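Peer 1: sequence unavailable; structure follows:
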């Protein structure tokens, strides 16, 4: 490995990574604030927020994954100095996101009468959950449009707004929660359901703030986003969806895998489920580090491809993985050393702390595989090869990871059933399979570029207008 080149590329990647990482952590902190403030009302309100979020987050994260395609599109167009096309593709993505945001509102009012009889929850819990969802869906269009502007800015390698707008969101979230949860300033006391109104307000505040930022920033004006209006172009929309849907589904596969395991573990008892959730929540926070590197890698690789600097794209892919692995060593060591103290933050029950701490030991193993697979996927998005990510993540997560977890966790076919340990071993094997396959696919794409210097890899995702 060329150390000077590694330090040069790492410095460039980290410059993009740290604002994205801060933004991701702040978004997680907003969820933490919701839980804490709702929990001060009652355990029922806390449970309502947790359950409602488990319904809401997979939906909004799937849309987030779809809109992530814009960052790859913009970075390639910017690398090719095709800024007029950047504005058009941003508008077409905005039409998609607006339609999806409105669809979530419609989905709530269509699905609620059908799902409500299936809840059969005790006390006021069902009302709190449905009220939370009724409020938050009205923020969906704003959040979807914010994501468009965020990916537009990140595609232009300008990530500072992402961090600043997230801070604004947090500053709006806390007082809005205070007003609507506890009934201050003349507002009704809505308990946990008030988090739904607060979050909807945050979504619109983030969109409006980002819109103003894009309008006033000299850096973001280079694509002339506001000088011409573009109506929907269904050819462009189809191509964007072709890139974005595989990203969205692969993200959904990962989120749903961990959710389904939590459900499967219910018969093992509340302490086992709690330990699983504690370990999962902490490792989710750690995952923000390689995920942020992956998002930065998408931008760097996409820009290099647009500029037809294929060697630079290859270098960024390689050095980003190395950088991610070095940081994974740091987080793994910290996890091993402080695992019991970390678990103690979440729970005071000794059995929960002990089991969560032991699961965190297994998590330190898959941090390395997780880093390789997520950064490789980020590089592949930069090459706009997204369908391979979909196929590989489905096979790795659901067929291999969950399959191994089921065999080891709840059967005696290979060894006596291992409970949660079996599923976490399944996570390790599934993520390792994803890491190997995605790294292999990345190498295949790079070899194709080396063989033909004038074309992008001939994948179905590379529609003609994006072949730069």
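Peer 2: Alright, I've got the coordinates. Since this is a predicted model, take the numbers as computed values, not measurements.
Peer 1: going by C-alpha atoms from here, please, whenever you check contacts or count neighbours.
Peer 2: Will do.
Peer 1: which ones are touching the residue most central in space within the chain?
Peer 2: For the chain, the residue nearest the mean C-alpha position is residue 61 (6.1 Å; CA atoms, centre = their mean). Residues counted as contacts of residue 61 (CA atoms under 8 Å, 6 or more residues apart in numbering) are 248, 251, 252.
Peer 1: now a ChimeraX select for only the buried ones of the residues you listed.
Peer 2: Typed into ChimeraX, the line below selects the buried ones among these, using 16 or more other CA atoms under 10 Å:
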select :248,251,252
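Peer 1: coming back round to it: now do the residue nearest to the centre of the chain against residue 251, distance only.
Peer 2: 7 Å (CA to CA, to the nearest Å).
Peer 1: the residue lying farthest from the centre of the chain: what secondary structure?
Peer 2: Distance to the chain centre peaks in the chain at residue 186, reaching 36.2 Å (criterion: CA atoms, centre = their mean). Following DSSP: H, G, I helix; E, B strand; the rest coil, we place residue 186 in the coil state.
Peer 1: how far away is it from residue 178?
Peer 2: Using CA to CA, residue 186 is found at 12 Å from residue 178.
Peer 1: repeat for residue 323
Peer 2: When distance is defined by CA to CA, residue 323 is 41 Å away from residue 178.
Peer 1: so which bits of the helix or strand hosting residue 332 are buried?
Peer 2: Per DSSP states H and E, residue 332 falls inside helix 310-346. Across helix 310-346, burial judged by 16+ other CA under 10 Å covers 310, 312-314, 316-325, 327-328, 331-332, 335-336, 339-340, 342-344, 346.
Peer 1: so what does it touch, helix or strand wise?
Peer 2: helix 3-39, helix 270-306, helix 350-382, helix 420-451 (3 or more CA pairs under 8 Å, 6 or more residues apart in numbering; DSSP states H and E).
Peer 1: for whichever strand or helix holds the residue nearest to the centre of the chain, the distance to its chain's centre please.
Peer 2: Assessed by DSSP H and E, residue 61 sits inside helix 43-67. Its chain's C-alpha centre and that of helix 43-67 lie 13 Å apart, by CA atoms, centre = their mean, to the nearest Å.
Peer 1: quick one: mean pLDDT for that helix?
Peer 2: Average pLDDT, helix 43-67: 83.
Peer 1: who are the packing partners of the helix or strand that comes right after that helix?
Peer 2: Once helix 43-67 ends, the next helix or strand along the chain (criterion: DSSP H and E) is helix 69-79. Counting contacts by 3+ CA pairs under 8 Å, 6+ apart, helix 69-79 is packed against helix 83-119, helix 140-155, helix 234-264, helix 270-306, helix 350-382.
Peer 1: now do the shortest one, average pLDDT.
Peer 2: Averaging pLDDT along helix 140-155 yields 95.
Peer 1: next structured bit after that helix?
Peer 2: Taking DSSP H and E as the definition, the helix or strand right after helix 140-155 is helix 160-182.
Peer 1: sorry, back to before: can you add mean pLDDT, distance to residue 158 and mean neighbour count and give the helices and strands packed on helix 310-346 back as a markdown table?
Peer 2: As requested, these are exported to a markdown table (pLDDT from 0 to 100; distance: least, CA to CA, whole Å; neighbours: other CA atoms under 10 Å):
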| stretch | mean pLDDT | distance to residue 158 | mean neighbour count |
| --- | --- | --- | --- |
| helix 3-39 | 88 | 8 | 18 |
| helix 270-306 | 88 | 10 | 24 |
| helix 350-382 | 92 | 16 | 24 |
| helix 420-451 | 93 | 25 | 21 |
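Peer 1: okay, the ones you listed in TSV with distance to residue 71 next?
Peer 2: Putting these into TSV (distance: least, CA to CA, whole Å) gives the following:
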stretch	distance to residue 71
helix 3-39	13
helix 270-306	7
helix 350-382	8
helix 420-451	19
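Peer 1: would you mind telling me which of those helices is nearest residue 153?
Peer 2: helix 270-306 (10.4 Å; CA to CA).
Peer 1: between that closest one and helix 140-155, how many degrees?
Peer 2: On the basis of axes from the mean of the first three to the mean of the last three CA atoms, to 10 degrees, helix 270-306 is oriented at 50 degrees to helix 140-155.
Peer 1: let me know the angle separating helix 270-306 from helix 69-79.
Peer 2: Helix 270-306 runs at 20 degrees relative to helix 69-79, counting by the same axes, to 10 degrees.
Peer 1: what packs against helix 270-306?
Peer 2: helix 3-39, helix 69-79, helix 234-264, helix 310-346, helix 350-382.
Peer 1: among those, which comes closest to residue 197?
Peer 2: Here helix 3-39 is closest among those (CA to CA), at 11.3 Å.
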